[in-house]
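> need the 3D shape of this:
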Amino acid sequence: MTHDAAFARLSAALESALAAAGAPEGFSPTLERPRDPSRGDWASNAALVLGRRLGQPPRSLAERVCEVIDRDAAGIETAEVAGPGFLNFRLSDQSIWPRLAAILEADTCWGRSRAVPPRRVNVEFVSANPTGPLHVAHGRGAALGDAVASLLEWTGHEVTREFYVNDAGRQIELLAESVEARYEESAGRSASVPEGGYHGEYVREVAAQIRDTAGVDVLASLEPEGRRTRFRQDAVRLLREQQARDLSAFRVEMDLFFSERSLYHSGAIGRLLERLAARGLTYREEGATWFRTSDFGDEKDRVLIKNDGSFTYFLPDLAYHLDKAKRGFDLAIDVWGADHQGHEKRMLAALGGLEYADLLEVLIIQLVTITRGGKEVRMSKRAGRFVTLGELVDETGPDVARYFFLMRRPEVHLNFDLDLALDTSEANPVYKVQYAHARMCSVFRKAGMRPEEVGADFEAPTAPGTGAERDVALAVLRLPDIISAAAESRAPHTVCAYLEETAGLVNAWYHQGNLDPQLRILADVRERAARIRLARAVQITLRNGLRALGLSAPEALSRAAA
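Got it, this is the predicted structure:
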């Protein structure tokens, strides 16, 4: 995580004070945000840790630190001891208000940082079989993958967004057979969808599109195998195009769609098998070919080729990840559904055995339940068995859908409440954050100014004077650290929590003007210019925080329009 100059100043001054109090050379104190903001802006347990090492009472040691710390060098107003020896620090005004200039100067780059060193990262997500529309669980994976990719870009990494198209295997053959059956039915001939096939209304739509594009006469002229191939190829293409359109409406644009079938045509799978055999990592047993993954931490060996000669999912997937390494990626981050959880260990073991132990990182998403009126919404009019991502986005809009998918940790089950998603009050977290941004934009409209006019050189002779304003300033200054930490831990939900917290502080600041006209942002008082500067810093911070998650930042938002 990166920290700003004010943090570095306090950290250095605290380290010096601890050294004066007897800390050994190299002792590095920790600083954290206190859970209770009333205790201060930063807190440290350094005296507790050091006291145990030195055999001294931690509270006495903490009191000594408070006496000797250089407050000017640390940029603090107060240093206090709490409980058995916690240190609480409150920043001085000089450490807060002048720093807003950095936000105004950075503008659209506020929140961005440079990775040292930058890495080439492949983020693979969604990767649905092209056998039907994307459902809401795919939507959760799309939101997470795109947000993680964005956060990595904001922290200076080079990112490729990739969709692995599973266009080979039995499921694709079942799709072709299902589409052909619906085509036959449309021609008045008897046919049935195969066992395990696809029954949604979209299958009839795909069959009709193929019929209308190819023509009945052309299809009738083909040999059975050739016609099946035509149905398979066209159905995969049409459904993949639909998936791409659904993602685009969701504001997710992939850099690459990688075909599983291409691995077969390129010979990558054959080369992988030769490589494994040459290293003595495979063996034959009961007619199947096995990988010795148990040698590299897996609980048992895994089958690569079944006794009927067909490949397991494991084999092409391993070849695919080796292809990522061949393309020069330092890190491959995969977003997988809960049903793939058991696949992670075998992949990590296999890659470790091939000397790519640090290549793969897996993020697992849990299922999504859509509710309305407290009851689960279970079926789609078009897909039949599930709610599609397209239908959800049509109802809520992309901003709400993305935010709701992101605001909870991905490894926990998500209850997507449609009633809350469509609410246009501050109970809806998306509305709350976007409305706070729109409020700041309204300040500039009322002042007859463009936000861009309030730059780093905008003069503000005095600082705002209320605690609410100080809380807002401290919050907006945290954005770079928040984005950096979220990128490092692949945790977009922490950015959501930060935006909601900041919006709450902003709305409290805005509303205090309703109680006292002198506290309004544009009140004709000596603090007016400083409040305008703060409003601009808020507007930049909320806008950039939303954009880092792939959300829009409306400049005007009414309850009716929302």
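> could you use CA atoms for every contact and neighbour count after this?
OK.
> show me the strands in the stretch 351-500 of the chain, by range?
360-365, 368-372, 375-376, 414-417 (DSSP state E, counting those that start in this stretch).
> so in that sheet, which strands flank the shortest one, and in what orientation?
What it means is strand 375-376. Here strand 375-376 has these sheet partners by DSSP bridges: strand 368-372 (antiparallel).
> then the strand it pairs with to CSV, C-alphas only?
Extracted C-alpha coordinates of strand 368-372, given in CSV (Å, rounded to 0.1, in the frame of the first residue of the first chain):
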residue,chain,number,x,y,z
VAL,A,368,-26.3,-14.7,-6.4
THR,A,369,-29.9,-14.8,-5.3
ILE,A,370,-32.2,-12.2,-6.9
THR,A,371,-35.1,-11.1,-4.6
ARG,A,372,-38.1,-8.9,-5.1
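> run through who's touching it.
Residues from elsewhere that reach strand 368-372, judged by C-alpha atoms under 8 Å, 6 or more residues apart in numbering: 136-137, 140, 376-378, 413-419.
> list buried residues within these.
136-137, 140, 377, 414, 416-418 (16 or more other C-alpha atoms under 10 Å).
> farthest pair within those?
Greatest spatial distance among these (C-alpha to C-alpha): 140 and 377, at 16.3 Å.
> just to revisit the earlier point, need the strands of the stretch 351-500 of the chain in JSON lines (columns: distance to residue 518).
As requested, these are arranged in JSON lines below (distance: least, C-alpha to C-alpha, whole Å):
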{"stretch": "strand 360-365", "distance to residue 518": "49"}
{"stretch": "strand 368-372", "distance to residue 518": "44"}
{"stretch": "strand 375-376", "distance to residue 518": "48"}
{"stretch": "strand 414-417", "distance to residue 518": "40"}
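> mean pLDDT and distance to residue 259 added to the ones you listed, as JSON lines?
Below are those laid out as JSON lines (pLDDT from 0 to 100; distance: least, C-alpha to C-alpha, whole Å):
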{"stretch": "strand 360-365", "mean pLDDT": "97", "distance to residue 259": "19"}
{"stretch": "strand 368-372", "mean pLDDT": "95", "distance to residue 259": "27"}
{"stretch": "strand 375-376", "mean pLDDT": "93", "distance to residue 259": "35"}
{"stretch": "strand 414-417", "mean pLDDT": "96", "distance to residue 259": "30"}
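> now for the ones you listed, which one comes closest to residue 302?
strand 360-365 (18.3 Å).
> by contact count, what packs against the closest one?
strand 331-337, helix 343-353 (3 or more C-alpha pairs under 8 Å, 6 or more residues apart in numbering; DSSP states H and E).
> show me where the stretch 151-300 of the chain has its strands.
158-165, 256-259, 282-285, 288-291.
> model confidence for residue 3, exactly?
pLDDT for residue 3: 64.
> could we number from 15 for the rest of this?
Taking 15 as the first residue, the last one we looked at is residue 17.
> related to what we said a few turns ago, for residue 209, which of the strands of the stretch 365-514 of the chain is the nearest?
Judging the strands of the stretch 365-514 of the chain by C-alpha to C-alpha, what sits closest to residue 209 is strand 382-386, at 27.0 Å.
> now that closest one, how far from the chain's geometric center?
Relative to the chain's own centre, strand 382-386 is displaced by 21 Å; criterion: C-alpha atoms, centre = their mean, to the nearest Å.
> buried residues, it. List them.
In strand 382-386, counting by 16+ other C-alpha under 10 Å, buried: 382-385.
> next up, the contacts around residue 307.
Residue 307 neighbours (C-alpha under 8 Å, 6+ apart): 313-316, 360, 363-364, 367.
> which one of these has the most neighbours?
Counting neighbours by other C-alpha atoms under 10 Å, residue 364 comes out on top of the contacts of residue 307 with 25 neighbours.
> model confidence for the closest residue to that one other than its chain neighbours, exactly?
Of all residues not flanking residue 364 in the chain, residue 307 sits nearest, at 5.7 Å (C-alpha to C-alpha, 6 or more residues apart in numbering). What the model reports as pLDDT for residue 307 is 96.
> do the same with the one 10 residues further on
Confidence per residue is given as pLDDT, and for residue 317 that number is 97.
> so which elements touch the strand or helix carrying it?
Using DSSP states H and E, residue 317 maps to strand 316-319. For strand 316-319, the packing partners by 3+ C-alpha pairs under 8 Å, 6+ apart come out as strand 302-305, helix 328-340.
> so for the last one, mean pLDDT?
Averaging the model's pLDDT scores along helix 328-340 yields 97.
> and what of stretch 223-235?
On average, stretch 223-235 scores 94.
> what about it, how long is it end to end?
One end of stretch 223-235 to the other measures 18 Å (C-alpha to C-alpha, to the nearest Å).
> residue contacts, the nearest residue to residue 274 once chain neighbours are set aside?
Closest residue to residue 274 in three dimensions, ignoring its sequence neighbours and counting by C-alpha to C-alpha, 6+ apart: residue 180, at 5.3 Å. Listed by C-alpha under 8 Å, 6+ apart, the contact set of residue 180 reads 141-144, 273-275.
> of the residues you listed, buried ones?
141-144, 274.
> residue 169 contacts residue 124, doesn't it?
No - if you go by C-alpha atoms under 8 Å, residue 169 and residue 124 don't touch, sitting 11.1 Å apart.
> and stretch 157-174, C-alpha only, in PDB?
Extracted C-alpha coordinates of stretch 157-174, given in PDB (Å, rounded to 0.1, in the frame of the first residue of the first chain):
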ATOM      1  CA  ALA A 157     -18.200  -6.900 -12.300                       C
ATOM      2  CA  LEU A 158     -15.400  -8.300 -10.100                       C
ATOM      3  CA  GLY A 159     -13.000  -9.100 -12.900                       C
ATOM      4  CA  ASP A 160     -13.500  -5.700 -14.600                       C
ATOM      5  CA  ALA A 161     -13.100  -3.800 -11.300                       C
ATOM      6  CA  VAL A 162     -10.000  -5.800 -10.300                       C
ATOM      7  CA  ALA A 163      -8.500  -5.000 -13.800                       C
ATOM      8  CA  SER A 164      -9.400  -1.400 -13.400                       C
ATOM      9  CA  LEU A 165      -7.900  -1.100  -9.900                       C
ATOM     10  CA  LEU A 166      -4.700  -2.700 -11.200                       C
ATOM     11  CA  GLU A 167      -4.600  -0.200 -14.000                       C
ATOM     12  CA  TRP A 168      -5.100   2.700 -11.500                       C
ATOM     13  CA  THR A 169      -2.100   1.400  -9.600                       C
ATOM     14  CA  GLY A 170       0.200   1.300 -12.700                       C
ATOM     15  CA  HIS A 171       0.000  -2.200 -14.000                       C
ATOM     16  CA  GLU A 172      -0.500  -3.300 -17.600                       C
ATOM     17  CA  VAL A 173      -3.700  -5.300 -17.800                       C
ATOM     18  CA  THR A 174      -5.400  -7.500 -20.400                       C
END
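> count the neighbours of residue 133 for me.
16.
> poorly predicted segments of the stretch 465-576 of the chain, please.
Residue ranges of the stretch 465-576 of the chain with pLDDT under 70: 572-576.
> thank you, goodbye.
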